[in-house]
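Engineer: Everything below, folded, please.
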Amino acid sequence: MAEAAIERGGDHTTGHPETTTGLPHTKLAMWLFLASECLLFGALISTYVLYRGRSEVGPYPADVFDIPYTSVSSFVLLASSLTMVLALSAAQQRDTGRMRLWLLTTALLGMTFVGGQVYEFTVFADEGLKLSTNLFSSTFFVLTGFHGVHVTVGVLMLLSLVGISFAGRMPDDESFPIEMVGLYWHFVDIVWIVIFTVVYLIPTPNPGA
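Structural biologist: Numbers count the residues shown, from 1 in each chain. Next up, the predicted model:
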């Protein structure tokens with residue numbers, strides 16, 4: 001049976017047809033999507049770096065950033081990568097209960113990060129830093145806000161998986177859709193590491209300082 005599946009161009013282990021690369025179509029599409037996202041985030045990060053330190057009016061990064069707070073928020077998001085791995089491991093072991101638990105935990109951590117980001121944006125606005133205040137605020141809010149939208153989409157995907165699981169509509173291989181969402185989630189986490197390093201950890205001199 002396995003040989004017949006291979007001859008038909010299918011993957012007998014997952015039940016998903018393979019491409020000429022040896023990857024299932026869905027996984028190949030996800031990798032291509034993430035590649036396009038790399039280009040998009042690369043452009044946004046490059047724009048931020050290009051205009052850093054060029055704002056003629058404040059507030060400036062050093063005036064508003066709370067590095068300890070953002071560090072804790074970043075740790076919460078990075079911890080969600082571990083729970084995502086645990087969810088995939090549970091699915092591979094066909095432990096549906098633990099799979100749902102870890103998916104919900106991952107979604108909760110993601111929502112905590114997004115909530116923290118919304119709070120941070122609110123504090124910045126109270127201190128006079130809004131989208132159109134200066135070059136720093138424009139590039140900062142677009143970059144980090146765009147990432148926050150991606151995290152929100154990831155949370156919705158995780159909750160959808162949990163809902164589909166409770167509805168009994170998951171495929172026979174439960175690990176495959178979780179693996180696909182996991183690829184997206186890990187990508188979002190890796191992008192945040194880059195953003196956190198470039199935006200928060202690398203000092204930006206104030207003009208005229």
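
Engineer: How about the residue minimising distance to the centre of the chain, nearest residue that isn't a chain neighbour?
Structural biologist: By CA atoms, centre = their mean, the chain has its centre lying nearest to V188, at 2.1 Å. Nearest non-adjacent residue to V188, counting by CB to CB, 6 or more residues apart in numbering: H150, 5.1 Å away. The C-beta positions use only the backbone N, C-alpha and C, and glycine is treated the same way.

Engineer: Next up, the contacts around that neighbour.
Structural biologist: H150 makes contacts with E37, V188, V191, as judged by CB atoms under 8 Å, 6 or more residues apart in numbering.

Engineer: sec struct for M170, please.
Structural biologist: Per DSSP: H, G, I helix; E, B strand; the rest coil, the local secondary structure of M170 is coil.

Engineer: Can you tell me, leaving aside adjacent residues, what's nearest to it?
Structural biologist: Closest to M170 by CB to CB, 6+ apart is I164, at 5.7 Å.

Engineer: I'd assumed R52 was in contact with F136.
Structural biologist: Yes - counting by CB atoms under 8 Å, F136 does reach R52; the two are 7.1 Å apart.

Engineer: what is in contact with those two at once?
Structural biologist: Joint contacts of F136 and R52 (CB under 8 Å, 6+ apart) are T204.

Engineer: For those two, indicate the residue with more neighbours.
Structural biologist: F136 (25 against 19; other CB atoms under 10 Å).

Engineer: Excluding residues flanking it in the chain, which one is nearest that one?
Structural biologist: Nearest one to F136, counting by CB to CB, 6+ apart, is S55 at 4.4 Å.

Engineer: What part of the protein, helix or strand, is modelled with the least confidence?
Structural biologist: For the chain, counting by mean pLDDT, DSSP states H and E, helix 2-7 ranks last in confidence among helices and strands (a mean of 37).

Engineer: Helix or strand next in line after that one, which one?
Structural biologist: Downstream of helix 2-7, the first helix or strand assigned by DSSP states H and E is helix 25-51.

Engineer: all helices of the protein, in order?
Structural biologist: 2-7, 25-51, 61-64, 67-92, 96-126, 135-166, 175-195 (DSSP state H).

Engineer: closest to P203 out of these?
Structural biologist: Of all these, it is helix 61-64 that lies closest to P203, at 7.4 Å by CB to CB.

Engineer: ok, the residue nearest to the centre of the chain touching V151?
Structural biologist: Yes - in this structure V188 lies within contact range of V151 using CB under 8 Å: 5.7 Å.

Engineer: Can you name the residues that contact W102?
Structural biologist: Going by CB under 8 Å, 6+ apart, the list of residues near W102 reads T83, M84, L86, A87, A90.

Engineer: and these, which are buried?
Structural biologist: Using 16 or more other CB atoms under 10 Å as the burial test, these include T83, M84, L86, A87, A90 as buried.

Engineer: Looks like the last one contacts R98 (just checking).
Structural biologist: Yes - with contacts counted by CB under 8 Å, A90 reaches R98, the gap being 3.9 Å.
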